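model this:
(chains A and B)
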Amino acid sequence: MSLSLEEVRRVASLARLRLSPEEEELFAGQLSAILDHVKQLEELDVSAVEPMTHALAAGEATELRPDEPLPGLEPEAALANAPARDGTAFQVPRIIE
Amino acid sequence: MSAAELLRRSISEVGAELADRNVSAVELCDAALERVAASDGAIGAFLAVTPERAREEARSSDARRARGDARGPLDGVPVALKDIFLTKGIPTTAGSRILEGFLPPYDATVVERLSAAGAVSLGKLNMDEFAMGSSNENSAYKPCHNPWDLARTPGGSSGGSAAAVAARQVFGTLGTDTGGSIREPAAFCGVVGVKPTYGRVSRYGVIAFASSLDQVGPFGKTVSDAALLLGAIAGHDPRDATSSTRPVDDYLSGLERGAAGLRIGVPKEWFQEGLDPGVEQAVRAALATYEKLGAKLVEVSFPHTRYAVGAYYLIAPAEASSNLARYDGVRYGLRAKASGLREMYAESRHQGFGPEPKRRIMLGTYALSAGYYDAYYLRAQKVRTLIRQDFDRAFQSCDLVAGPVTPTAAFRLGEKVDDPLQMYLADIFTIPCNLAALPGLSLPCGLHPSQRLPIGLQLVGRPFDEATLLRAARALEREQGPLPAPAGA
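Here you go, the predicted structure:
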């Protein structure tokens, strides 16, 4: 199967990822080759198979912690890596005119 | 004893030297730091060395020992960490430019646990960007080289973790394994690597790639070193809801029980075309040794092996595309200049991600997008069930499964970089274990007859039965003797 450039652009837009024209060309070819390989899965009749929706086997012993508030990151620690901040907020480019 | 001799010792041996005060933790730390300084220019295992911190931890270790307060066999032992583990105040990049300069506000649980055991971390280790790769060539910072042959890959994604142990820079390391990222580099570098059962080791503070597959595990020169490190990091963590509350086995106590009576399943599909004859020869010889040691070889069949790579390269990218959505330039990491918010997201991700994360984000987004979900993602999840059932069926007639880790020994740097599908297909024997969420181990089983490169034997066990894997691995290690260190180490 072959992925068109338009389709590559649509997927990149869904992923909020800008691609250069060279990357669009490259990925159209490479993703098509990978999807061709993945086509193999269609050989299998999976109509009666349940999807594996969890990596832990059913009944594996896990524990939810009690629903009690616990201290989280202090604002300063949470903001320490912010590319831009305004007081105790992360600053982003203007959204509303 | 010379520094080089010390660094060739196992953890238990060097632990005895520390306990007898023949060497101090500071001396050991300095020896390891010197070894890193002398060798890492050629190898490239480290992304960051933290000598001041390491010496400080070593001094604390010596002080504890002087007070009679030593914490156990890892106290004062130099180790290092894949750069995927959050380390408070120490740069953590996951091998990506998008996290350049990021200083984590907390430690991963496994980092806390190693530190609590007294281990001395020398720094952060090279890896494929976001753990995506099988050769370490996707590191955004620098390549990593195999200590056995610098023109070859150490494997990936935990390439630095395997190379650092093989080059005798540190005594043990931690890595992560999503589709083979511990076992493959361990095999290529001639060291022991363990990928525990999903849920055995906490993923808290581990930068996420594919959350239903990621698992943390150790690298060591010997089976007992790997067992010691696994014991230190395993166990329930309330901060990871997928971590199991099962008690952790004592991995050391049963280690010397031998292989007699073990039923070892040999999947016939793991020995088919594409397997290098030199690798097959070494793996078959290891299986013959097990028979000699009293184990019983049982032929088993994994009919869905050939579908594993396809299922994995839908499931893992789908999860990755979701996990990597957090790198948007808002709270941490690279932010590109752009006029609007949406442009800022797209441009930051354009500049910050390298080719492999971009490729997987694209693949995963495609597989999850409207109209394709059932055909790709859902079908892959069903195939995942079939692969798990292959193992369930096999474990009715055997206690563990054995076969090759990789189809070939370490390939040359540059050999597969232009063909992602060929790179992905190199994971064919390691991926099924991740899809089935089982424990797997890679153990050196000799050198390739013509290439003189290490070859790994893979053992896969029942859920949470790491103890049997370690016991079986130790039996072979004891019989065949240790793999020599690579030249110069």
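
ok and the residue in the stretch 351-489 of chain B nearest chain A?
B:Gln381 (3.5 Å; CB to the nearest CB). All C-beta atoms are positioned from the backbone trio N, CA, C, and that covers glycine.

identify the residue nearest that residue in space, chain neighbours excluded?
Distances taken as CB to CB, 6 or more residues apart in numbering or on different chains place A:Pro51 nearest to B:Gln381, at 3.5 Å, with adjacent residues excluded.

neighbours of that neighbour, how many?
15 (other CB atoms under 10 Å in any protein chain shown).

quick one: which helix or strand includes it?
Using DSSP states H and E, A:Pro51 falls within no helix or strand.

dump the residue contacts of it.
For A:Pro51, the contacting residues are B:Leu378, B:Gln381, B:Lys382, B:Arg384, B:Thr385, by CB atoms under 8 Å, 6 or more residues apart in numbering or on different chains.

which of the residues you listed fall within strands?
Residues of the contacts of A:Pro51 located in strands (DSSP state E): none.

same question for the helix or strand containing B:Val266, mean pLDDT?
For B:Val266, the element it lies in under DSSP H and E is strand B:263-267. Strand B:263-267 comes out with an average pLDDT of 98.

okay, the angle between the following helix or strand past that strand and strand B:263-267?
Note on strand B:263-267: by DSSP H and E, the next helix or strand toward the C-terminus is helix B:277-292. Counting by axes from the mean of the first three to the mean of the last three CA atoms, to 10 degrees, helix B:277-292 lies at 160 degrees to strand B:263-267.

quick one: the strands in chain A?
Going by DSSP E, chain A shows strands at A:85-86, A:89-90.

which of the ones you listed has the highest mean neighbour count?
strand A:89-90 (a mean of 14; mean count of other CB atoms under 10 Å in any protein chain shown).

and the helices in the stretch 151-300 of chain B?
B:159-166, B:183-189, B:223-233, B:277-292 (DSSP state H, counting those that start in this stretch).

need these in TSV with mean pLDDT, mean neighbour count and distance to B:Ser60, can you?
Shown next, in TSV, are the helices of the stretch 151-300 of chain B (pLDDT from 0 to 100; neighbours: other CB atoms under 10 Å in any protein chain shown; distance: least, CB to CB, whole Å):
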stretch	mean pLDDT	mean neighbour count	distance to B:Ser60
helix B:159-166	98	35	22
helix B:183-189	98	35	30
helix B:223-233	98	27	17
helix B:277-292	98	17	42
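
could the ones you listed be laid out in JSON lines, adding distance to chain A?
What follows is the helices of the stretch 151-300 of chain B, written out as JSON lines (distance: least, CB to the nearest CB, whole Å):
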{"stretch": "helix B:159-166", "distance to chain A": "22"}
{"stretch": "helix B:183-189", "distance to chain A": "17"}
{"stretch": "helix B:223-233", "distance to chain A": "18"}
{"stretch": "helix B:277-292", "distance to chain A": "23"}
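
for B:Leu150, find the nearest of these.
Proximity to B:Leu150 (CB to CB) singles out helix B:159-166 among these, at 10.2 Å.

from the chain's centre, how far out does the closest one sit?
From the chain centre to the centre of helix B:159-166 is a distance of 9 Å (CA atoms, centre = their mean, to the nearest Å).

can I get that helix in PDB, CA atoms only?
Provided in PDB are the C-alpha atoms of helix B:159-166 (Å, rounded to 0.1, in the frame of the first residue of the first chain):
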ATOM      1  CA  GLY B 159      23.300   0.700  24.100                       C
ATOM      2  CA  GLY B 160      25.200   2.800  26.700                       C
ATOM      3  CA  SER B 161      24.000   0.600  29.500                       C
ATOM      4  CA  ALA B 162      25.400  -2.600  27.900                       C
ATOM      5  CA  ALA B 163      28.600  -0.900  26.600                       C
ATOM      6  CA  ALA B 164      29.400   0.600  30.000                       C
ATOM      7  CA  VAL B 165      29.300  -2.800  31.700                       C
ATOM      8  CA  ALA B 166      31.100  -4.600  28.800                       C
END
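
tell me which other helices or strands it touches.
helix B:25-43, strand B:46-49, strand B:78-82, strand B:120-125, strand B:172-177, helix B:183-189, strand B:215-220 (3 or more CB pairs under 8 Å, 6 or more residues apart in numbering or on different chains; DSSP states H and E).

helices or strands next to the fourth one in the packing?
Applying 3+ CB pairs under 8 Å, 6+ apart, one finds that strand B:120-125 contacts helix B:25-43, strand B:46-49, helix B:51-66, strand B:78-82, helix B:109-116, helix B:159-166.

what lies in contact with the shortest one?
Just to be clear, that refers to strand B:46-49. B:33, B:36-37, B:40, B:80, B:83, B:90-91, B:93, B:95, B:122-127, B:139, B:141-142, B:160, B:164, B:169.

tell me the contacts of the residue nearest in space to the middle of chain A?
Chain A has A:Ala15 as the residue nearest its centroid, 7.7 Å off, counting by CA atoms, centre = their mean. By CB under 8 Å, 6+ apart, the residues touching A:Ala15 are B:Ser321, B:Ala325, B:Arg349, B:Ile361, B:Met362, B:Thr365.

what's the local residue count around the residue lying closest to B:Asp75 once chain neighbours are set aside?
Closest residue in space to B:Asp75, ignoring its immediate chain neighbours: B:Gly118 at 3.0 Å, by CB to CB, 6+ apart. B:Gly118 has 24 neighbouring residues, counting by other CB under 10 Å.

phi, psi of B:Gly118?
Per-residue torsions, B:Gly118: phi 100, psi 0 (degrees, to the nearest 10).

now B:Leu441
phi -140, psi 140.

likewise for B:Glu343?
phi -70, psi -40.

same thing with B:Lys416?
With angles defined as degrees, to the nearest 10, B:Lys416 sits at phi -120, psi 10.
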